[in-house]
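A.B. asks: how would this look folded up:
(one chain, ligands or ions: 1)
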Amino acid sequence: MKMNLVWKLSWRRTWFEWEKPMLEDFHIQVAQSVIHKDKQDVWVWKDDKSGCYDVNSAYTKLNNDILREEWEEYTKLWNTKALPTAQICVWRALQDRLTTYENLQNRGILVNNGICVFCSIQVETNNHLFLNCVVVARIWKLCDKWAGIQFVNHSMIK
Ligand SMILES: [Zn+2]
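C.D. replies: Numbering: from 1, shown residues only. This is a model prediction of the structure:
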């Protein structure tokens, strides 16, 4: 007797844009899976011949296909003389992984009204916090003056 089983997936939070391709891959993999009623579920690490996870194979996998392109994109950032904490902050901003009010709300963490604490005008997003906030713009101008450079205004971080 053949049983038709259907996946009913639900998620705790909405997906970030950067996660959506992974979600689509996951759905494709799940759709291709064959469920055997009489077999025990097992975990299999596909990137090692033994089927067992180990750090070395995970590192190799990440280094070979997932991080390579991204890593090269950020080479200039990692090679700056900025403090590592500043580099990581910029990297997280470029990934939209800073804990802005918008990201906290997307994760289901209620935060006041989500309005920027500096200007109290707009929602605190990554782009607003670094580029569009009128209060922060004044700080950037002071930094530009101090450093003697001309600030290039962009509307999007990435
Ligand atoms: Zn603001």
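
A.B. asks: and this protein, which of its residues are near the ion?
C.D. replies: Contact residues, the chain versus the ion (CB under 5 Å from the ion): 116, 118, 119, 133. To be clear about C-beta, it is placed using only N, CA and C from the backbone, and glycine gets the same treatment.

A.B. asks: and this structure, what are its domains?
C.D. replies: 43-73, 82-147 (automatic domain parsing).

A.B. asks: Now tabulate these in a markdown table and tack on mean neighbour count and mean pLDDT.
C.D. replies: As requested, the domains of the chain are exported to a markdown table (neighbours: other CB atoms under 10 Å; pLDDT from 0 to 100):
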| stretch | mean neighbour count | mean pLDDT |
| --- | --- | --- |
| domain 43-73 | 11 | 83 |
| domain 82-147 | 15 | 90 |
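
A.B. asks: Can I get those in JSON lines including distance to residue 31?
C.D. replies: As requested, the domains of the chain are exported to JSON lines (distance: least, CB to CB, whole Å):
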{"stretch": "domain 43-73", "distance to residue 31": "17"}
{"stretch": "domain 82-147", "distance to residue 31": "26"}
